[in-house]
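Visitor: Sequence first, then the predicted structure:
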Amino acid sequence: MRIATFNIENLDHNAVPPRPSDADFATRARILRPMLERLRARIICFQEVHGQTPPGGGPRDLLALRDLLAGTRYEGYSLSSTRLANGRDVWRFRNLVVAAHPDYAVEEVRSIGNTLVNPPRYSLVTSNRPDPLVEVSWERPALYVRLRRGDDAPLHVLNVHFKSKHPSPVPGQGPVNHEWATVSGWAEGYFLSSMKRVGAALETRLFIDAIFDAEPEPNILICGDFNAEPHEVPVMAIRGRVEETGNAALVHRVMHPVALSVAESLRFTLYHHGRPNLLDHMLVSRRMMSCFRQAEIHNEMLHDESVAFATDRKYPESDHAPMLAEFDMQANLLGA
């Protein structure tokens with residue numbers, strides 16, 4: 001079984017608002033389809049998939065993604081997505097999607113965002129608001145999908161996209177035209193984004209611990225764009241290493257990063273100002289690790305879109321590289 005994660009970067013039919021620097025959908029599709037075919041995945045976790053309203057009206061749907069997958073091996077895959085509270089419409093921007101081969105039955109789909117962790121209340125320091133107290137909630141929920149193939153044990157998939165490292169807005173401080181009024185205001189915005197990123201990671205950890213409570217040896221896979229390096233708090237909070245908890249009895253709840261099997265020189269999914277970063281991750285439970293075979297990061301043609309004049313028209317694929325992991329579920333000795 002091959003499973004991939006891919007931040008496909010703002011997949012849409014047309015950019016909103018349209019800019020001369022944007023690549024059109026047809027150009028993007030010509031480059032993205034061969035990348036997807038190379039993955040040969042049975043399950044793909046996508047991030048940053050935009051939703052579109054059908055021409056004749058109706059619920060907003062993943063029309064651009066469906067058009068991208070048409071004619072590929074993924075046509076006919078089930079698409080489970082984050083949705084609005086009405087349950088019909090997908091979000092206009094940045095949906096999480098789990099695409100699964102028809103062999104896998106979709107047993108449950110759930111969004112997890114500010115449901116297990118109450119948004120912390122924080123008193124702004126640099127803001128000009130009369131009431132500085134705000135709720136710090138994370139904008140993007142995680143997507144949980146439970147899949148099952150035949151009589152096999154269920155596969156618990158969590159697709160995440162944590163808050164970026166860009167500072168969150170602070171009233172009276174900015175950003176206005178990408179400028180901040182003071183360094184302190186910028187620093188507070190950066191702090192707010194950190195709270196959102198770590199809060200979402202805590203909620204993800206709480207959710208998988210509930211799965212561990214229900215199943216002693218579950219198949220759990222967490223993947224997506226963490227916007228954090230392997231050593232940073234959002235990743236470490238979900239991994240739960242015994243070195244950190246100090247409790248050997250929790251060893252079966254540790255989540256293992258498959259990227260550790262990739263050579264260190266190739267272990268990156270994004271370039272930022274010339275520096276390779278590993279911001280996309282795939283963490284698996286011990287039971288899944290028992291049948292893990294290999295991991296790949298398809299970063300050979302990755303471009304640095306943070307440098308000057310690096311527009312999407314020049315680099316229409318994505319600023320992230322897809323990550324792939326292969327498992328031999330028949331060799332899962334813990335499930336025997």
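Guide: Good, I have the coordinates.

Visitor: Buried ones in the lengthiest helix in the chain, by neighbour count?
Guide: Ranked by number of residues, the top helix in the chain under DSSP state H is helix 183-214. Buried residues in helix 183-214, counted by 16 or more other Cβ atoms under 10 Å: 185-189, 191-201, 203-205, 207-208, 211-212. From N, CA and C alone the C-beta is placed, and that goes for glycine too.

Visitor: same question, stretch 113-121
Guide: Buried, per 16+ other Cβ under 10 Å, within stretch 113-121: 113-114, 117.

Visitor: what's the spacing between it and its chain's center?
Guide: Per Cα atoms, centre = their mean, to the nearest Å, the displacement of stretch 113-121 from the mean C-alpha position of its chain is 19 Å.

Visitor: what comes into contact with it?
Guide: Contacts of stretch 113-121 from elsewhere in the structure, counted by Cβ atoms under 8 Å, 6 or more residues apart in numbering, are 133-138, 140-142, 195, 199-200, 202-203, 206-207.

Visitor: quick check, nearest of those to A85?
Guide: P141 (10.8 Å; Cβ to Cβ).

Visitor: quick one: that closest one and W91, what's the gap?
Guide: To W91, P141 is 9 Å away according to Cβ to Cβ, to the nearest Å.

Visitor: Against which helices or strands is the helix or strand following the longest helix of the chain packed?
Guide: Downstream of helix 183-214, the first helix or strand assigned by DSSP states H and E is strand 219-225. Under the contact criterion of 3 or more Cβ pairs under 8 Å, 6 or more residues apart in numbering; DSSP states H and E, strand 219-225 touches strand 2-11, strand 43-49, strand 155-161, helix 183-214, strand 280-284, helix 286-289.

Visitor: Give me the mean pLDDT for strand 219-225.
Guide: Average pLDDT, strand 219-225: 98.

Visitor: Given it, what are its sheet partners and their directions?
Guide: Using DSSP bridges, strand 219-225 pairs in its sheet with strand 155-161 (parallel), strand 280-284 (antiparallel).

Visitor: Need the residues that contact the first one.
Guide: In other words, strand 155-161. Strand 155-161 has contacts (Cβ under 8 Å, 6+ apart) with 5, 7, 43, 45-48, 94, 96-98, 104, 112, 140, 142-149, 200, 204, 207-208, 211, 218-227.

Visitor: do the shortest one as well
Guide: With contact meaning Cβ under 8 Å, 6+ apart, strand 280-284 is reached by 3, 5-7, 220-226, 230, 235, 238-239, 255-259, 269-270, 292, 295, 320-321, 323, 325.
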